[in-house]
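*Asks:* need a 3D model of the sequence below.
(one chain, ligands or ions: 1)
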Amino acid sequence: MIDFGRARSWARMKSASLSLLMPRVLINDAFKKASEVGYMINQSPGEMAAAAGEVWITRAHTVLEIGVQHGGWSYAMRPFCMSALKYIAVDPTFSPGWPVYRKLLTDTGVDVSEVRAQSQAAFEPVNRALESRRVDVLHIDGDHAVESVLFDWRTYSPLVRPGGLVLLHDVCGSRGPGDALNAILAGSDAGRFAYTHVFCDMWNMAAEQRMGVGMIRMRN
Ligand SMILES: C[S@@+](CC[C@H](N)C(=O)[O-])C[C@H]1O[C@@H](n2cnc3c(N)ncnc32)[C@H](O)[C@@H]1O
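*Replies:* Model prediction:
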């Protein structure tokens, strides 16, 4: 006699572990590719996998990243976004690996807009690149001083659509983004959030390597 209760809970357990494992597998693939191309992704794979689930449920068509460096984050997040994807990349300098990742992204059909400026001077070009779209996912990872992170939040989070996602990087590893996140969570914007979550890879990263990702889901 089949015990349907047990079978159901087994199926649920299996689907839960698959949904935890799949992001990790895809993120690990991106890190493997990064070591092949020679430009490392400046992120913790565990933290990226945790954020990937949130990106996935956002069904992102438009991603805005402040602070791009080589572009490794957006490359690793690519499988978790919709196939038609607009990616707006803001960085005053970019890094030597950017042309490599930019090509990897465009090869998967991503429409990349490059804004070569500090975020403090990028609002107009970002708006032009958006062409009246709203942002589904905003990743803030530029200048890590607390005032700069708060500037990026104040300036760019209003572009995020209801139900969209804001990610702040390095909220555990360095004081600026962590202090900024605390100020955001305690401030008057808190009523705009459906839920918030901080993930810090305690198991796999040594204390000095932990970065931490803050996730803010905007209300619908
Ligand atoms: C930590 S790296 C970004 C890593 C990238 N997000 C990733 O995970 O692959 C920080 C980047 O922010 C850029 N940056 C610094 N100040 C900035 C600012 N005010 N506006 C935009 N980008 C900035 C730097 O040039 C650098 O490339």
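*Asks:* show the end-to-end separation of stretch 67-85, please.
*Replies:* Terminal residues of stretch 67-85 lie 19 Å apart, using CA to CA, to the nearest Å.
*Asks:* equivalent analysis for stretch 180-194, please.
*Replies:* Where stretch 180-194 begins and where it ends lie 19 Å apart, using CA to CA.
*Asks:* check stretch 137-154 too.
*Replies:* End residues of stretch 137-154 are separated by 15 Å (CA to CA).
*Asks:* would you mind listing the buried residues in it?
*Replies:* 137-144, 146, 148-153 (16 or more other CB atoms under 10 Å). In this view, the C-beta of every residue, glycine as well, is placed from N, C-alpha and C.
*Asks:* cool, stretch 189-202 as well?
*Replies:* 189, 192, 198-201.
*Asks:* contact partners for the residue lying closest to Trp73 once chain neighbours are set aside?
*Replies:* Of all residues not flanking Trp73 in the chain, Gln43 sits nearest, at 5.9 Å (CB to CB, 6 or more residues apart in numbering). By CB atoms under 8 Å, 6 or more residues apart in numbering, the residues touching Gln43 are 72-73, 76, 169, 211.
*Asks:* please repeat the previous calculation with a cut-off of 10 Å.
*Replies:* 27, 30-31, 34, 51, 72-73, 76-77, 141, 169-170, 201, 211, 213 (CB atoms under 10 Å, 6 or more residues apart in numbering).
*Asks:* in strands only, show me those.
*Replies:* 169, 213 (DSSP state E).
*Asks:* wait, Ala117 touches Ile88, no?
*Replies:* No - judged on CB atoms under 10 Å, Ala117 makes no contact with Ile88 at a distance of 11.6 Å.
*Asks:* touching both of the two, which residues are there?
*Replies:* What both Ala117 and Ile88 touch, as defined by CB under 10 Å, 6+ apart, is the set 125-126.
*Asks:* more neighbours, these two?
*Replies:* For Ala117 and Ile88, the more surrounded residue by other CB atoms under 10 Å is Ile88, and the numbers stand at 28 against 15.
*Asks:* wait, a strand at that one?
*Replies:* Yes - counting by DSSP: H, G, I helix; E, B strand; the rest coil, Ile88 is located in a strand.
*Asks:* what's the closest non-adjacent residue to Leu150?
*Replies:* Nearest non-adjacent residue to Leu150 (CB to CB, 6+ apart): Ala180, at 5.1 Å.
*Asks:* all strands for the protein, in order.
*Replies:* 62-66, 86-90, 111-115, 135-140, 160-169, 193-199, 213-218.
*Asks:* what parts of the protein come near the ligand?
*Replies:* 41-43, 66-70, 72-73, 90-93, 95, 118-120, 141-143, 148 (CB under 6 Å from any ligand atom).
*Asks:* recalculate using a threshold of 8 Å.
*Replies:* Neighbours of the ligand within the chain, by CB under 8 Å from any ligand atom: 41-43, 65-74, 90-95, 117-120, 122, 139, 141-144, 148, 152, 169-170.
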